[in-house]
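> Below: sequence and its predicted model.
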Amino acid sequence: MADELSAPLGRKRRRSQASSAAAGTRLSPLAGLPLARIGLGVIVLVIAVAALRIFFVHDPEGGRPSTTVAITSTRDANPVAGQVAAPAPPKAATVTAGPELPANLPAGATITTVDPNLPSGIPADGAPLSAANKSGIIAELSEDTKNGPIPRMSTSGDTPFAAYSRPAAAGTGKPRIAIVVTGLGLNETGTLDAVARLPAEVDMAFAPYGKTLERTVTAARGAGHELMLEVPLEPFDYPETDPGPQTLLTGQPPRSNLDKLYWLMARFGGYVGLINNTGARFTASAADFGPVMEELGTRGLGYLDDGTSNRSVAAQLAQSDKVPFGRADVALDADPARASILAALDALAAKAVAGGQAIGVASALPVSIAAIAEWTQTMETRNVQLVPVSALMK
């Protein structure tokens, strides 16, 4: 105790630390070893041993027990293996099955087998079409709907446009003109008068609203006239100008306009195509007119534009849908007076001489019928040939 008190300051502390270090050394023999380096060395050694084993032994199965069975031995030594190695060729089998019979066949009932070689009733390609019925409709070119029969293309590719077209007279080398009279069928007397007075080469377009269409259409067909159906299309000032019931309108679902079209097409039969009644707004809308023109192409019908609207897209749509198409060049009775109509007919002939062909359209006014009948009586003295409009539609 006295020694500790008399010792210089700091010595006791160093002696105590040394004593503690000596005591710690005695309690932890590994305290001075580099344990981290030893551990790293052990890991490296294990990896090296594993790598050497894989390199020299190369045993992917890891020592799993396995056995090998030979399957390439001869048939006598291993029959099963021989069958697997060389299978016998399959034998052809013939199965004969009769017609399927009902599970519960009533007593006394019989089954008649139809010869599969009998004709199906569908005309073969190139086979002639059947004769038209009293309504002028050919069965193969007709489709029954809730509104009545409407035209369609036959299964062999025949079209109403070709079948109902009036054959044009032999070419004379002269420029050709066609004349279409519209609005027929509304007035029975006027229509029958037009049928009687006009040459057979003049086309007759019937409105779908006549009460005596069956009679007037039959008369026109019997006189040899080529027929067209007049369809009401929306004008720009609709409904102030209303072409009539079932008018096709812009902005409507295509299905709605097609349903109206089917109703219109079922009014009568035997026509080569359609001509518009008004319709400046509708014929300018490709979105609304497109489905209608596509339907005409599918059914094999033609379309004649009356030429009153320069905004009509009918020509472009008809070309894309392969629809026989024509456009009127002259409105013959824009001025419904005899002298004006005769002058318009002369202009029609001059246009045909200049371009090879021309189409004129007139309404079924008595003055128009009389003027056309008068002018066509002198056709032989004119440098043009009158033909049905189908002959000028491409």
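Looks like it arrived, so ask away. Fair warning: this is a prediction, and the values are worked out from it, not measured in the lab.
> what about this structure, any weak spots by pLDDT?
In the prediction, the chain carries residues with pLDDT under 70 at positions 1-33, 53-126.
> Next, name the residue at the spatial heart of it.
Glu294 (8.4 Å; C-alpha atoms, centre = their mean).
> Quick check: that one touching Ala318?
No: contact criterion C-beta atoms under 8 Å: Glu294 and Ala318 do not qualify, at 10.2 Å. Yep, even glycine has a C-beta here, placed from its N, CA and C like the rest.
> Please name the nearest non-neighbouring residue to Glu188.
Leaving aside its chain neighbours, Glu188 sits nearest to Thr212 (4.7 Å; criterion: C-beta to C-beta, 6 or more residues apart in numbering).
> thinking that neighbour is in contact with Thr189, fair?
No: in this structure, Thr212 is not within contact of Thr189 by C-beta under 8 Å, at 9.9 Å.
> quick one: which of the two has more around it?
Neighbours were counted for Thr212 and for Thr189 using other C-beta atoms under 10 Å; Thr212 has more, 16 against 10.
> start to end distance for stretch 359-368?
Stretch 359-368 has an end-to-end distance of 16 Å (C-alpha to C-alpha, to the nearest Å).
> for it, the distance to its chain's centre please.
38 Å (C-alpha atoms, centre = their mean, to the nearest Å).
> Which positions within that stretch qualify as buried?
Neighbour-count burial for stretch 359-368, counted by 16 or more other C-beta atoms under 10 Å, picks out Ile359, Gly360, Val361, Ala362, Ser363, Ala364, Leu365, Ser368.
> CA atoms only: put stretch 231-239 into PDB for me.
C-alpha atoms of stretch 231-239 as PDB (Å, rounded to 0.1, in the frame of the first residue of the first chain):
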ATOM      1  CA  VAL A 231     -84.800   5.400-105.500                       C
ATOM      2  CA  PRO A 232     -85.500   8.500-103.300                       C
ATOM      3  CA  LEU A 233     -82.300   9.900-101.700                       C
ATOM      4  CA  GLU A 234     -82.000  12.800 -99.300                       C
ATOM      5  CA  PRO A 235     -81.600  16.300-100.900                       C
ATOM      6  CA  PHE A 236     -79.900  19.200 -99.100                       C
ATOM      7  CA  ASP A 237     -83.200  20.900 -98.200                       C
ATOM      8  CA  TYR A 238     -84.900  17.700 -96.800                       C
ATOM      9  CA  PRO A 239     -87.600  17.600 -95.400                       C
END
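> Identify all contacting residues around it.
208, 241, 243-250, 261, 264, 274-283 (C-beta atoms under 8 Å, 6 or more residues apart in numbering).
> Please work out how many residues are found near the closest residue to Ala266 other than its chain neighbours.
Distances taken as C-beta to C-beta, 6+ apart put Gly148 closest to Ala266, at 3.6 Å, once the chain neighbours are dropped. Neighbourhood size, Gly148 [other C-beta under 10 Å]: 17.
> dump the residue contacts of Val292.
Val292 touches Leu248, Asn257, Leu258, Leu261, counting by C-beta under 8 Å, 6+ apart.
> tell me the SS of it?
helix (DSSP: H, G, I helix; E, B strand; the rest coil).
> how close does it sit to Thr212?
27 Å (C-beta to C-beta, to the nearest Å).
> Thr378 too?
33 Å.
> name the element the residue nearest to Pro208 when sequence neighbours are not counted belongs to?
If the residues on either side of it in the chain are set aside, Pro208 comes closest to Arg267, at 4.0 Å by C-beta to C-beta, 6+ apart. Per DSSP states H and E: Arg267 is located in neither a helix nor a strand.
> Give me the neighbour count for Arg267.
Around Arg267 there are 22 residues (other C-beta under 10 Å).
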